[in-house]
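In: Quick one, structure for this:
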Amino acid sequence: MTNNINDGLILAARLLLATLFLIFGWRKLRDFSGTVNQMVQLGVPMPVLAAAAATFMELPVAFAIAVGAFTRLAAALMFFYTLGTALIGHRYWTMAGKERVDAMDGFYKNLSIMGGFLLIYAFGAGKYSIDVWCGIAAR
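Out: Numbers count the residues shown, from 1 in each chain. Next up, the predicted model:
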């Protein structure tokens, strides 16, 4: 056991955290022009680069979390990426009405997801991971 935490629960947490990003990352890749358009609507500078970075974070980096490869680094990257998406994509403080409520939901959901990434960073990938199998992480 890693710090008295069940390795099976760590695996489940990694998979659950990664699922959202893998689904939306795949959608970003399949409709890259739509992703760029979304970045333009959000007022993101260099929208093509931002769309590429978002797709990278949501596919290979989230996949690394899922399989437990370079897990602490990937969790730190995903923590900051999720913070960025909260601050850029869910600016509820600039909105009113239903739009404000929807953006507030997204913002605070992102903060919750960030908590999950912090736990993965703190405890590592657990026994069921590529990190452990390859000797990258201490058991």
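In: alpha carbons only for contacts and neighbour counts from here, please
Out: Will do.
In: buried stuff in the helix-or-strand element of the chain with minimal mean pLDDT?
Out: Lowest by mean pLDDT, DSSP states H and E among the helices and strands of the chain is helix 130-133, with a mean of 93. Buried residues in helix 130-133, counted by 16 or more other C-alpha atoms under 10 Å: 130-132.
In: One more: stretch 90-99?
Out: Quick answer for stretch 90-99 (16+ other C-alpha under 10 Å): 90-92.
In: between those, which is closest to residue 28?
Out: Distance to residue 28 across those (C-alpha to C-alpha) is lowest for residue 90, with 17.8 Å.
In: From residue 52, how far off is that closest one?
Out: Separation of residue 90 from residue 52 (C-alpha to C-alpha, to the nearest Å): 20 Å.
In: Work out the gap between stretch 46-58 and the centre of the chain.
Out: Averaging C-alpha positions (C-alpha atoms, centre = their mean, to the nearest Å) puts stretch 46-58 13 Å from its chain's average.
In: Can you give me the buried ones in it?
Out: Residues of stretch 46-58 classed as buried: 47-48, 50-52, 54-58 (neighbour count, 16+ other C-alpha under 10 Å).
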